[in-house]
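> Give me the fold of what follows.
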Amino acid sequence: MSDTLPLTMKAAICPAPGAPLEMREVAVPTPGPGQVLVKLETCGVCHSDLHLREGQEDLPPSFYPLILGHEGIGRVVAHGPNVGRAPAIGTRIGLPWIFDTCLACKPCRTGHEVLCPENTARGVQKHGAFAEYALCSADFAIEIPEAIDPLKGAPLLCAGLTAWSALRKARIEAGSNVLILGAGGLGQYAILIAKARGARVMVIDRDPAKLKTARGLGAEVTIEAGDDAGAQIKEAGGADVVLNFAPSPAVWDTVEAAVNPMADIVAIAMVHEPVPLSMMWLLDGGHRVFGSSVGSRQELADFLGFAAAHPLPVDVEAISFGEVDAALDRLKSGEVTGRLCIDFAK
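Model prediction:
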């Protein structure tokens, strides 16, 4: 590591499941074989970070203490040994959810590396980007176009990419009705991407403020969540594609009432409880129900290219590094209508 780099850094540590984050002074990590060291400029604050802080993902106790954060943007400041085609020193890269994979299994070889049985995630098996410096596998280093502002761009690495990947998997044509359940940050990116693909966007949310935001982003039909929300969607033309960003199994009745024949229903929210899925409903309707999680390196590169040429006007609020635990509390309370992002210069 370069002599000009500090020996220690500030990091927001989750000491144990369910415990608040603690600001600590820790050693700057040393890049190992095939890795680069990144000095962070920004890092988005994601609902997944909240789930991990709250202990809702049942991680082994040995994973803690843990640095969370997986929407980081920063510049490469050091190379480890044997980095191959690593980005040059000074290159701005992203630090998304996927840290690395085996690169050899069928999912990895076919562009579905997020399904690799050996994949590791940033802020889960590996320390994340709620820190002044973080490591990145050179094989998974994706350059951030200079046209993308690092504050606006950080949430693209998970929230935006997740919406992009889910929509890429769905059968969408110009004029398709796309129903988005949950108009938080992920849902807002989905609105904009679906509109760019020529879809007619419909949104259900329980928060009137988020529905107002959805309308401002181009949603043509906005309905407050409730027992008859699905029927209202059906009356408005029905859904050809459904993206669920609402972390609750209670949405399933709404989905069943809302969809047209041969609908694609994409599960994206982290919902552990089962839903009453009828096999006859699938058979009679010809529906497809499948899951989608984050996205591959190629999808991220494609999406960043799109976002550089078509800026996505989702509200991103800059916070200081010291506010990160309070930011997670704000997400928990449901008061955040857009995205939160750490500005390490603030």
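> Going by C-alpha atoms from here, please, whenever you check contacts or count neighbours.
Fine.
> I'd guessed residue 295 sits against residue 167; true?
No. Here residue 295 lies out of contact with residue 167, judged by CA atoms under 8 Å, at a distance of 10.9 Å.
> Neighbour count: the two, which is higher?
Taking neighbours as other CA atoms under 10 Å, residue 295 and residue 167 compare with residue 295 leading, 27 against 21.
> Surely residue 292 and residue 265 touch.
No. In this structure, residue 292 is not within contact of residue 265 by CA under 8 Å, at 10.3 Å.
> So between these two, which is more surrounded?
When residue 292 and residue 265 are compared on other CA under 10 Å, the one with more neighbours turns out to be residue 265, at 24 against 20.
> any chance you could map the strands in the stretch 1-150 of the chain?
Per DSSP state E, counting those that start in this stretch, the stretch 1-150 of the chain has strands spanning 8-14, 22-27, 35-45, 66-67, 72-79, 92-95, 98-100, 120-121, 133-137, 142-143. These are given in chain order.
> Direction included, what does the fourth one pair up with?
This points to strand 66-67. Using DSSP bridges, strand 66-67 pairs in its sheet with strand 8-14 (antiparallel).
> before we move on, back to that, now, of the strands of the stretch 1-150 of the chain, which is deepest in the fold?
Ranked by mean neighbour count, the strands of the stretch 1-150 of the chain are led by strand 35-45 with a mean of 28 (mean count of other CA atoms under 10 Å).
> Which elements pack onto that one?
For strand 35-45, the packing partners by 3 or more CA pairs under 8 Å, 6 or more residues apart in numbering; DSSP states H and E come out as strand 72-79, strand 133-137, helix 150-153, helix 324-333, strand 339-343.
> the bottom helix or strand of the chain by mean pLDDT?
Each helix and strand of the chain was given a mean pLDDT (mean pLDDT, DSSP states H and E); the minimum falls on helix 47-53 at a mean of 92.
> pLDDT weak spots in this protein?
The model of the chain has pLDDT under 70 over residues 1-3.
> ok, residue 56 - how many residues close by?
Using other CA under 10 Å as the criterion, residue 56 is surrounded by 13 other residues.
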